[in-house]
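**Q** Predicted model, plus sequence, below.
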Amino acid sequence: MKRQIKILSAVIFSLILTACTMFCGKKETSPSYQYKVPEQINDGWQTAHMTEVNLDEKLLTKLVQNILNEEYENIHSILIVKDGKLVLEEYFTGKDYGKMETTFTRDDLHGVMSVTKSFASTLIGIAIDKGIIKDTDEELVSFFPEYKELLGEKGKKIKLRNVLSMTAGFDWDETKYLYSDSRNPYWIMLGSEKSNIIKYILSRPIKNEPGVEFAYNGGTSHTAGENNRKTLSFKNRRFRSKIPV
């Protein structure tokens, strides 16, 4: 009798284990995605159906469905522009840098990290091409005359090219301490000095002659971004980012 009970128990356990393997670990099925033309809002972008610009609706629908099914992890959003028209705009649930899981919308800002360097330098190139900025030999102080006294005589020698190449000469070391360390200038910039980041960056002592020595400086990336904000005008709600780092 005891032997039969043991056998029966083993069979029941096996059935439970099999059922759990099949169903317990299975993710909840995502809703079926239906493509829709992006909303037309007053941000300067014309919207259109993707077939109008010869894109494969079936293929891109599958891409979005795969994101919803979490086959690709932590995608915040996907926007596609072709022939000057916004044809796909979708937002998803994911985790931003240092934050909990969020369901994103077009009004959310995103931590884009070091991509900032590429965007900032490209936009400065556009400004030069349009004649808004003469060239990269323009003095940094010309963009921030309100902080002329902070920069001092050495700081007045800093060129736009020094900002882009991180050779501005500021006393700034992001490598000595962890980014979570309150002694790191990066931490200070985004912490106690967050209300006026540019002022904090430009008030740092000039340690080296501008253009002589490279020093990794997330602050100069933000300075380049602020240059762009002052010189280039965008009415754009869809492509936005947080403070660059």
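**A** Looks like it came in fine.
**Q** for the chain, which spans come out with low pLDDT?
**A** Along the chain, segments meeting pLDDT under 70 span 1-29, 97-99, 228, 230-245.
**Q** can you pull out the helices in it?
**A** Remark: helices assigned in the chain by DSSP state H are 2-19, 57-68, 115-129, 148-155, 160-164, 185-190, 197-202, 218-231.
**Q** what's the spacing between the second one and its chain's center?
**A** Think helix 57-68. Distance, stretch centre to chain centre, for helix 57-68: 23 Å (C-alpha atoms, centre = their mean, to the nearest Å).
**Q** which helices and strands sit right next to that helix?
**A** Counting contacts by 3 or more C-beta pairs under 8 Å, 6 or more residues apart in numbering; DSSP states H and E, helix 57-68 packs against strand 77-82, strand 85-91. All C-beta atoms are positioned from the backbone trio N, CA, C, and that covers glycine.
**Q** Ok, which of these comes nearest Val115?
**A** Closest of these to Val115 is strand 77-82, at 14.3 Å (criterion: C-beta to C-beta).
**Q** name the helices or strands packed onto that closest one?
**A** helix 57-68, strand 85-91.
**Q** Grab the nearest non-local neighbour of Lys154.
**A** Ile206 (3.9 Å; C-beta to C-beta, 6 or more residues apart in numbering).
**Q** typed the wrong thing, it's Glu73
**A** Gly94 (7.7 Å).
**Q** any idea how far the one you found lies from Phe144?
**A** From Gly94 over to Phe144 the distance is 35 Å, taken as C-beta to C-beta, to the nearest Å.
**Q** And for Lys95?
**A** 35 Å.
**Q** Between these two, which is the more surrounded one?
**A** Between Lys95 and Phe144, Phe144 has the larger neighbour count (other C-beta atoms under 10 Å), namely 20 against 12.
**Q** Show the contacting residues for Ile75.
**A** Going by C-beta atoms under 8 Å, 6 or more residues apart in numbering, Ile75 touches 67, 92, 94.
**Q** Grab the most central residue of this structure for me.
**A** With distances taken as C-alpha atoms, centre = their mean, Val112 lies nearest the centre of the chain, 1.7 Å away.
**Q** Please tell me how far it sits from Asp173.
**A** For Val112, the distance to Asp173 - C-beta to C-beta - is 23 Å.
**Q** Next: Ile197.
**A** Relative to Asp173, and taking C-beta to C-beta, Ile197 is found at 17 Å.
**Q** same question, Phe92
**A** 37 Å.
**Q** before we move on, what about Leu123?
**A** Noted for Leu123: a distance of 27 Å to Asp173, by C-beta to C-beta.
**Q** so what's Ser180 up against?
**A** Contacts of Ser180 by C-beta under 8 Å, 6+ apart are Trp187.
**Q** repeat for Lys199
**A** Neighbours of Lys199 in contact, by C-beta under 8 Å, 6+ apart: 147, 150, 193.
**Q** swap the cut-off to 10 Å and go again
**A** Residues near Lys199 by C-beta atoms under 10 Å, 6 or more residues apart in numbering: 144, 146-147, 150, 193.
**Q** Pull out the buried members of those residues.
**A** With burial judged by 16 or more other C-beta atoms under 10 Å, the buried subset of those is 144, 147, 150, 193.
**Q** want to throw the helices and strands packed on strand 77-82 into TSV with mean neighbour count and distance to Thr102?
**A** As requested, the helices and strands packed on strand 77-82 are exported to TSV (neighbours: other C-beta atoms under 10 Å; distance: least, C-beta to C-beta, whole Å):
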stretch	mean neighbour count	distance to Thr102
helix 57-68	15	15
strand 85-91	20	10
